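> Provided below for reference: sequence and predicted model.
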Amino acid sequence: MSDFDYDVLVIGAGPGGYVAAIRAAQLGLKTACAESRETLGGTCLNVGCIPSKAMLHASELYDEAANGTLAKLGVKIDKMSLDLPTLQGQRVDAVKGLTGGIEFLFKKNKVTWLKGLASFTGANTVEINGEKVTAKNIVIATGSSVTPLPGVAVDNKGGRIVDSTGALELDKVPGHLVVVGGGVIGLELGSVWKRLGAKVTVVEYLDQILPGMDGEVRKEANKIFKKQGFEYRLGTKVTGAQVGKKGVTLTVEPAAGGEAETIEADVVLVSIGRRPNTEGLGLDKIGLELNARSQIETDHEFGTKVPGVWAIGDVIPGPMLAHKAEDEGIAVAENIAGLTGIVNHDLIPSVVYTKPEIAGVGLTEEAAKEKGAIKVGKFPMMANSRAKTNHEPDGFVKIIADAETDKVLGVWIIAVPAGTMIAQAAQAMEFGASSEDIAYTCHAHPTHSEAIKEAAMAVQGKPIHM
């Protein structure tokens, strides 16, 4: 008999935590998962990835009906209106179904859900609701929360200055929504309310939207969203906000310094990033310090410097993405079980679920150039037969390959199903594919994915359809 209550205790039941717990249990380890939220699934399932996609999908269909896109296809709607409570209801249903699904998987795999906040009292001991629980291995998977903006206090209940959670739950379409931050979350939620009728202004500190993405993709995305009616205030910082009876008065000024001015908004969405949830864990009790970004440093196997304590997901360095956390969850469980769990952090795809979607994996063209000579192949979606037939001409596929070896270093896509298309690129790169490998792989016709084949042919200088 073990001296511990559990072989593995996972703190947090988000995509990283619940996956780690299930995988550990599958490997025969006695496993528990501590989660204080009423439902499992963390930010992603409850107030992030899943509900935002429910809103994006519904608002896309509304937009197609309202703005005549369907009429071009011969689908005529005489009368239509927005039923926001029903639109919000299907979001709630989606969340309920999926969080309930994880609870079922916990029961099926015999994972014990310990309801409450866990805090370390020693390297193998935590306290949950005043009770001590011991485990041979403890995995920190507490995720992240919204980064606050100084001088702009978020009040989701008030519904005037909101974060991503509050932006999902607005009970009416704002006349003017100002999004602070031109990253993924701001553009996705801005898209939802833009389609439903709001005027949307994006205020971004940097001189371009979508920080960290390929430069050409950022420029093209900027153009596409502008065409959709987004207004931008780039190179601009927000210095304060005053909430009044009718809305919010935002004070902004040039990021480089200059005269202040004001913007009137009905609702302000603060989406300037996320920060790791490490407070209240009692890390000082086990001698675990944080790095300069308040993250927990781990080794290649996701072990911290404290033996028996592991960490994954948004609390460790790397992109704050659900799928990165999930892969780390599987890997850490396998490492604890004595197997070999590896995550290739160079090949974590990123997706923006706007319309069209934007996706990338591997290096940007700028980063690839810094490492050596490259070849780039591009193919526009307007030359792809499926995209053209579907009236989806925006975007392109871009493949970046090593000039000498032809190994694919990065793939960037703007296309309606880019988020699905990028999986092929990630898998090819995981196997060390050359652009020639992709070019000579038969792709089904007519599909959007043929644009990947054509872009690979363009690396060799010989696409067929342009």
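That came through, no problem.

> make it CA atoms for all contacts and neighbour counts henceforth
Noted.

> and the closest residue to Ala118 other than its chain neighbours, how many neighbours?
Nearest residue to Ala118 in three dimensions, chain neighbours excluded: Ile128, at 4.8 Å (CA to CA, 6 or more residues apart in numbering). For Ile128, the count of nearby residues is 18 (other CA atoms under 10 Å).

> wait, Ile128 sits on Leu117?
Yes. Under the contact definition of CA atoms under 8 Å, Ile128 touches Leu117, with a separation of 5.7 Å.

> residues of the strand or helix carrying Thr239 that come out buried?
If you go by DSSP states H and E, Thr239 is part of strand 236-243. Residues of strand 236-243 classed as buried under the neighbour-count rule (16 or more other CA atoms under 10 Å) are 236-239, 241, 243.

> Helices of the chain, residue ranges please.
The residue ranges that make up the helices of the chain, judged by DSSP state H, are 15-26, 42-47, 49-66, 69-72, 84-108, 164-168, 184-195, 215-227, 322-336, 365-371, 385-389, 418-430, 435-439, 450-459.

> Residues contacting stretch 456-466, please?
Stretch 456-466 has contacts (CA atoms under 8 Å, 6 or more residues apart in numbering) with 375-379, 383-384, 399-401, 435-436, 438-439, 454-455.

> again, but for stretch 292-300
Residues from elsewhere that reach stretch 292-300, judged by CA under 8 Å, 6+ apart: 275-276, 278, 288-291, 304-305, 310-311, 315-317, 342.

> now do stretch 430-450
Contacts to stretch 430-450, defined as CA under 8 Å, 6+ apart, come from residues 347, 381, 384-387, 399, 401, 405-408, 415, 417, 421, 428, 452-457, 459-460.

> again with stretch 221-241
150-152, 180, 194, 199-209, 248-256, 358, 394, 414.

> do stretch 45-52 as well
Identification of contacts with stretch 45-52 by CA under 8 Å, 6+ apart yields 14, 39, 43-44, 91-92, 94-95, 98-99, 164-165, 168, 188-189.

> tell me which of these is nearest to Ser81?
Within those, proximity to Ser81 (CA to CA) peaks at Arg91, which comes in at 18.3 Å.

> contacting residues around the closest one?
When contacts are counted by CA under 8 Å, 6+ apart, Arg91 is found next to 51-52, 54-55.

> The closest residue to Leu187 other than its chain neighbours - how many residues pack around it?
The shortest distance from Leu187 to any residue that is not its chain neighbour, by CA to CA, 6+ apart, is 7.2 Å, and that residue is Thr354. The burial count assigned to Thr354 is 27, neighbours taken as other CA under 10 Å.

> so how far is Asp78 from Thr354?
In this view, Thr354 and Asp78 are 27 Å apart by CA to CA, to the nearest Å.

> contacting residues around the worst-scoring helix or strand of the chain on mean pLDDT?
Taking mean pLDDT, DSSP states H and E as the measure, the chain has helix 69-72 as its least confident helix or strand, at a mean of 90. Among residues not part of helix 69-72, those counted as contacts by CA under 8 Å, 6+ apart are 64-65, 76-77.

> Can you give the domain ranges for this protein?
For the chain, the structural domains run 6-146+275-337, 156-272, 349-460, going by the TED database.

> Would you format those as a markdown table with distance to Met466 included?
Conversion of the domains of the chain to a markdown table gives the following (distance: least, CA to CA, whole Å):
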| stretch | distance to Met466 |
| --- | --- |
| domain 6-146+275-337 | 26 |
| domain 156-272 | 19 |
| domain 349-460 | 7 |
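
> so where's the stretch 251-400 of the chain shaky on pLDDT?
Along the stretch 251-400 of the chain, the model assigns pLDDT under 70 to no residue.

> all strands of it, in order?
Listed in chain order, the strands of the stretch 251-400 of the chain (DSSP state E, counting those that start in this stretch) span residues 261-265, 267-270, 274-276, 309-311, 350-352, 357-362, 374-380, 396-402.

> circling back: and the helices of the chain, which one's lowest on average pLDDT?
The stretch with the lowest average pLDDT out of the helices of the chain is helix 69-72, scoring a mean of 90.

> For the biggest strand by length in the chain, what does the pLDDT average out to?
Longest strand in the chain by number of residues, with DSSP state E as the criterion: strand 131-140. On average, the pLDDT along strand 131-140 is 98.

> Relative to it, what are the paired strands and their orientations?
Partners of strand 131-140 in the sheet, by DSSP bridges, are strand 6-11 (parallel), strand 125-128 (antiparallel), strand 309-311 (parallel).

> now what about the first one, what contacts it?
Taking contacts as CA under 8 Å, 6+ apart, the residues outside strand 6-11 that touch it are 17-18, 20-21, 24, 29-35, 118, 134-142.

> Rounded mean pLDDT for that strand, please.
Taken as a whole, strand 6-11 has an average pLDDT of 98.

> quick check: angle from that strand to helix 322-336?
In terms of direction (axes from the mean of the first three to the mean of the last three CA atoms, to 10 degrees), strand 6-11 departs from helix 322-336 by 160 degrees.

> Between helix 15-26 and strand 6-11, find me the angle.
Computed by the same axes, to 10 degrees, the angle between strand 6-11 and helix 15-26 is 170 degrees.

> Val252 bridge partners, please.
When bridges are called by DSSP bridges, Val252 pairs up with Val238, Glu261.

> how near is Thr239 to Val152?
Thr239 is 8 Å from Val152, where distance means CA to CA.

> er, Tyr440 I mean
Taken as CA to CA, the span from Tyr440 to Val152 is 53 Å.

> and what of Trp310?
With CA to CA as the criterion, Trp310 and Val152 are 35 Å apart.

> The two: which is more packed in?
Here Trp310 and Val152 are compared on neighbour count by other CA under 10 Å; more neighbours surround Trp310, at 24 against 19.

> Now do the contacts for that one.
Trp310 makes contact with 137-140, 298, 302-304, 332, according to CA under 8 Å, 6+ apart.
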